[in-house]
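Peer 1: here is my input, please return the structure:
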Amino acid sequence: APPAGYLWHGAVTMSDRLWDVEVFPTQQYLSDHRPWGAWLVGMGGMLFAALLQLLIFGITGRTFAVQRRGEEQTREIHSKGEALQASLNEHDSLIQRIPVGVFKARFSAHGVAGLEYVSPLWCRQRGVDAAEVLLDPGLALRNIHSEDRSSLLAGINSAYEKGTPFAWQGRIVRDGVIGW
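Peer 2: Down below sits the predicted model:
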């Protein structure tokens, strides 16, 4: 008996004779030749796999673009870092050739002064260590002559309030010797 839905029935005339024809697949034929639905599922799976590959390629391509941009930015930062270091070296060289001590003070939001930079000559003039005086700015006042300390502090406060550069000349006491 033929499987349901697979029977074709028709009449064919050949050589003045009428032939009744029935065509249907055998079970062996059906197992060897899958129906179109199976082919569609297979093709759908292939299409899904191809789309998934495109998605992965898109993500990977985006990753490569981000990586390339990161490498460009790293090169740019490195280049700017080298230029900054050259500028700092030039700045340090210039500071060391100035015949007076140089320092840079910074005031907090509450008006408290702190030192950000002290030149080697500035430290030698006062007999202090740069690392120590940067941690404790009060050490900078220790060697200022007692009569000149108030003018130094007034000049610093005035420069801070007006936002102007500061210059001061006064006496320093070092090892019991007064110097200018």
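
Peer 1: CA only for contacts and neighbour counts going forward, please
Peer 2: Noted.

Peer 1: for the helix or strand containing L55, packing partners?
Peer 2: Under the criterion of DSSP states H and E, L55 resides in helix 36-97. Helices and strands touching helix 36-97, by 3 or more C-alpha pairs under 8 Å, 6 or more residues apart in numbering; DSSP states H and E: there are none.

Peer 1: starting at the chain centroid, how far to the helix or strand immediately after that helix in the chain?
Peer 2: As assigned by DSSP H and E, the chain's next helix or strand after helix 36-97 is strand 103-107. Put simply, strand 103-107 sits 30 Å off its chain's centre (C-alpha atoms, centre = their mean, to the nearest Å).

Peer 1: list the buried residues in strand 103-107.
Peer 2: Counting neighbours by 16 or more other C-alpha atoms under 10 Å, one finds that the buried residues in strand 103-107 are F103.

Peer 1: now swap in stretch 163-171 and tell me
Peer 2: In stretch 163-171, counting by 16+ other C-alpha under 10 Å, buried: R171.

Peer 1: again, but for stretch 139-151
Peer 2: Of all the residues in stretch 139-151, those buried under the rule 16+ other C-alpha under 10 Å are L139, A140, N143, I144, H145, R149.
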